[in-house]
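>>> got a predicted model here, sequence first, then my questions.
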Amino acid sequence: MRLPARVTIEEVGLRDGLQLIGSVVPVEVKLRLLRALYGAGIRAMEVTSFVSPKAVPQFSDAEAVARAALALPHLDVSALIPNLRGFERAREAGVRRYTVVIGATDRFNERNVRMTVTESLEQLDAVAAGVRAAPGADLAVGIAVAFGCPYTGRVPLGAVVRIVEHARALGVRAISLGDTIGVATPLQVATTIARLMEAHPDLCLVLHLHDTRGMGLANVLAGCEAGVTRFDSAVGGLGGCPFAPGATGNIATEDVNHMLQAMDIETGIDQQALLECGRLVRDVITAELASHSLRVHLGRGA
Ligand code: COA
Ligand code: ZN
């Protein structure tokens with residue numbers, strides 16, 4: 001197998017992870033989890049979402065969470081934004097790395113952010129102009145439903161390529177491919193990555209996978225073999241998009257970290273400390289967690 005020596009895991013538990021949690025998690029609890037994850041060695045984190053608090057009340061505290069995260073030394077902090085207003089809020093809070101979320105299909109994007117793909121690309125143009133004017137700022141695009149859409153089924157690669165090409169023309173360096181409803185297969189992941197890398201060899205490709213059908217780790221492996229060295233995951237396997245029917249959690253950070261480290265791939269994350277973060281999530285947020293490694297850990301009565 002052709003595997004990387006080192007992988008960066010970006011923890012998205014505080015963003016994607018909390019989206020499907022019905023009640024608003026108090027900011028103190030979010031900060032406790034933030035610090036525990038940092039203590040476990042996580043150094044890349046999507047900490048919140050600067051979306052409309054009417055659309056997602058869970059993130060009405062985005063500024064407070066972002067500021068606390070930015071105070072942690074050497075933590076690479078990012079935030080999700082849907083539009084120019086989100087960018088302005090994130091920038092004012094001090095965030096320097098932004099991920100603009102755009103669904104690959106109009107049907108999904110209209111439900112998620114009330115815009116067509118074309119309208120989202122116009123917002124991206126405006127955000128990119130703002131990013132160019134902000135020193136040290138870094139813009140990424142997160143393509144939601146990049147492999148399959150809850151409304152239109154399998155997503156043709158052309159829909160993804162259209163967004164990638166637009167983003168590249170604006171100088172966007174990183175593209176995250178989101179399997180929002182967990183329908184991707186290892187073959188689809190491998191062929192998609194190969195095609196995009198061939199056309200854009202200097203592009204940083206990130207995989208954002210959900211484990212809805214148990215395909216998460218298989219897809220991580222397919223991504224690694226195809227040359228991906230950056231993955232999003234959520235502690236405990238929390239997560240899911242409230243605007244995608246049937247969506248469930250992200251791949252669990254503990255499971256990804258376990259698999260990679262067991263294959264001698266460096267992540268810089270302490271597995272035992274990470275498992276304790278999972279326990280914290282169980283104790284203070286929700287007991288409905290899909291993480292395999294956490295189940296083993298808690299089953300030991302440790
Ligand atoms: N942050 C805070 N408020 C925002 C905002 C943002 N990023 N973008 C818009 N708003 C506010 C506007 O200021 C306006 O406020 P007002 O009613 O007090 O005047 C109101 O929201 C409506 O603005 P509009 O541009 O018409 O937004 P909309 O109602 O069409 O909703 C989004 C568009 C993108 C703001 C909303 O759908 C959203 O936040 N979606 C996020 C979905 C999500 O998080 N999905 C999961 C992640 S993939
Ligand atoms: Zn997601």
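Nice, thanks for sending it over. Numbering: from 1, shown residues only. Ligands and ions are numbered 1, 2, ... in the order given.

>>> near ligand 1, which residues of the chain show up?
With Cβ under 6 Å from any ligand atom as the criterion, the chain meets ligand 1 at residues 19, 49-52, 55-56, 82-83, 85-86, 89, 101, 112-114, 144, 241, 243. Every C-beta, even on glycine, is put in place using the N, C-alpha and C of the backbone.

>>> buried subset of the residues you listed?
By neighbour count, with 16 or more other Cβ atoms under 10 Å, the residues of the chain next to ligand 1 hold 19, 49-52, 56, 82-83, 86, 89, 101, 112-113, 144, 241, 243 as buried.

>>> show me where pLDDT drops low in the stretch 151-300 of the chain?
Along the stretch 151-300 of the chain, the model assigns pLDDT under 70 to residues 300.

>>> what's the closest non-adjacent residue to the closest residue to ligand 1 within it?
Nearest to ligand 1, among the residues of the stretch 151-300 of the chain, is Cys241, at 4.9 Å (Cβ to the nearest ligand atom). Nearest residue to Cys241 in three dimensions, chain neighbours excluded: Ala247, at 4.7 Å (Cβ to Cβ, 6 or more residues apart in numbering).

>>> my read is that neighbour is in a helix, agree?
No. Going by DSSP: H, G, I helix; E, B strand; the rest coil, the assignment for Ala247 is coil, not a helix.

>>> next, it: phi, psi?
With angles defined as degrees, to the nearest 10, Ala247 sits at phi -70, psi 140.

>>> try the one 3 residues further on
According to degrees, to the nearest 10, the main-chain angles of Asn250 amount to phi -70, psi 160.

>>> I'd say it and Val235 touch.
No. Applying Cβ atoms under 8 Å, one finds Asn250 not in contact with Val235, separated by 9.1 Å.

>>> for the two, indicate the residue with more neighbours.
Set Asn250 next to Val235 and count neighbours by other Cβ atoms under 10 Å: Asn250 wins out with 34 against 30.

>>> beta-bridge partners for that one, please?
Here Asn250 sits in beta bridges with His210, as judged by DSSP bridges.

>>> just Gly103 next, same as before
Ala144.

>>> just to revisit the earlier point, wait, which of the buried ones among the residues of the chain next to ligand 1 is closest to Val172?
Of all those, Val172 sits closest to Val101, with 13.0 Å by Cβ to Cβ.

>>> excluding its backbone neighbours, what's nearest the closest one?
Closest residue to Val101 apart from its sequence neighbours, by Cβ to Cβ, 6+ apart: Gly142 at 4.7 Å.
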